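Visitor: Return atomic coordinates for the entry below.
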Amino acid sequence: MNQLPFADYREYYASECKICLGSSYVIENEIYRECVCQKKARRKYRLEQIDIYPPELKYKSWTDFSGVIFQESKVVGNLKIESVINARDKAFEYCFGVSFDKNILQNKAKHLKIHKHLNDGQNVIIVGDEKTGKSLLGALICKEVANAAFITNKDFDYRWVKFYDIINAARWVFDYSSGVHKPVNHSYLDMLADLDFLFIDGVDVQRGKNYPVDHVAMDSLFGARTLFQKPTIIICSKKILQMLNNHAGQEQIVTVFGNEFLQIFRKNNTLIIELTRDEST
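Guide: Below you'll find the predicted structure:
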């Protein structure tokens, strides 16, 4: 997470601003008002605090989603062309209301519509195998949330979290050897429930022996997000999607993560974006 203080962002953006010329404020009708450069500083600072992994995804653009799969800076494969086009179009439409269009990128503020999902609560499920660009696509959507907060002059609250952190917070564990009791972290889960946009990365089936989650805590988190129309963007493995296609798999998801987690996937307007590798390459 970036450790630079907000004051440094304020000072830098003011120093580069041709409107306020470094003062960070403007005078309108004899009233001192904050310059737009300070709003830009807040947007940049807020995005830098988002714990996206790897962090370089925060600096990628829509044109970087090309379907080429890299591993340690080497090309190791590709997505199917139709998968790339379909995935990018769906994500772009979620943010801008239309399929991918480079011309819109020249004036995002005019076309951005992602903030309207605060009224419809539309969730997004990004699914695919490992290293298929799932997190990149999620990061692009996250950046447009940050942009929407700027252009609408509203302080949307959004966060990127690892699914493991949610699972760990929703577990209560008693270690008999040490006598230490770890309670459910309700304050953390309540904070996630209240977020305008919640991005969850790394959703997968559990492996090995794990302490079960508290279903009441999990249902409270995801039930609240559904009730109050809070969009949740989930980045998950293809295994999760496969489990959704049959009753036994759905029952397993409910058993492990709770019923309200399953309902996030089953909402009628949930947008599912699937990334598929080209196995012929």
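Visitor: helices or strands up against the host helix or strand of residue 32?
Guide: In the assignment (DSSP states H and E), residue 32 maps to strand 31-34. Contact analysis of strand 31-34 by 3 or more CB pairs under 8 Å, 6 or more residues apart in numbering; DSSP states H and E lists strand 25-28 as its packing neighbours. (Glycine included, C-beta is placed from N, CA and C.)
Visitor: Residue nearest the middle of this structure, spatially speaking?
Guide: Nearest to the geometric centre of the chain sits residue 199, at 2.8 Å (CA atoms, centre = their mean).
Visitor: Tell me the secondary structure at the closest residue to that residue other than its chain neighbours.
Guide: In space, and not counting its chain neighbours, residue 199 is closest to residue 160: 4.3 Å by CB to CB, 6 or more residues apart in numbering. State at residue 160, reduced to three classes by DSSP: H, G, I helix; E, B strand; the rest coil: strand.
Visitor: residue contacts, residue 160?
Guide: Contact partners of residue 160, counting by CB atoms under 8 Å, 6 or more residues apart in numbering, are 50, 51, 52, 138, 139, 142, 199, 201.
Visitor: roughly how far apart are it and residue 182?
Guide: Distance of residue 160 to residue 182, computed by CB to CB, to the nearest Å: 24 Å.
Visitor: now do residue 273
Guide: Distance, residue 273 to residue 182, using CB to CB: 35 Å.
Visitor: Looking at those two, which has the bigger crowd around it?
Guide: Comparing residue 273 with residue 182 by other CB atoms under 10 Å, the one with more neighbours is residue 273, at 23 against 13.
Visitor: and the more buried one, what does it touch?
Guide: For residue 273, the contacting residues are 86, 87, 90, 91, 124, 125, 126, 127, 137, by CB under 8 Å, 6+ apart.
Visitor: go on, residue 56?
Guide: Residues in contact with residue 56 (CB under 8 Å, 6+ apart): none are found.
Visitor: Verify the assumption that it is located in a strand.
Guide: No. Residue 56: not assigned to a strand; according to three-state DSSP it is helix.
Visitor: distance of it from residue 73?
Guide: In this view, residue 56 and residue 73 are 12 Å apart by CB to CB.
Visitor: And the helices in this protein?
Guide: Remark: helices assigned in the chain by DSSP state H are 6-15, 36-49, 81-96, 108-111, 117-120, 134-151, 163-169, 186-194, 215-227, 238-244, 247-257, 259-266.
Visitor: winner for burial among those?
Guide: Compared across those, helix 134-151 shows the largest average neighbour count, a mean of 22 (mean count of other CB atoms under 10 Å).
Visitor: Out of the contacts of residue 273, which is nearest to residue 5?
Guide: residue 137 (31.2 Å; CB to CB).
Visitor: show me the contacts for the closest one.
Guide: 65, 87, 88, 91, 126, 273, 275.
Visitor: For the fifth one, give its distance to residue 190.
Guide: So the one you mean is residue 126. According to CB to CB, residue 126 and residue 190 sit 25 Å apart.
Visitor: Tell me where the stretch 51-200 of the chain is predicted with low confidence.
Guide: Across the stretch 51-200 of the chain, the ranges flagged by pLDDT under 70 are 174-180.
Visitor: quick revisit: in JSON lines, list the contacts of residue 137 along with distance to residue 33.
Guide: JSON lines is the format used below for those (distance: CB to CB, whole Å):
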{"residue": "65", "distance to residue 33": "38"}
{"residue": "87", "distance to residue 33": "42"}
{"residue": "88", "distance to residue 33": "39"}
{"residue": "91", "distance to residue 33": "35"}
{"residue": "126", "distance to residue 33": "40"}
{"residue": "273", "distance to residue 33": "41"}
{"residue": "275", "distance to residue 33": "45"}
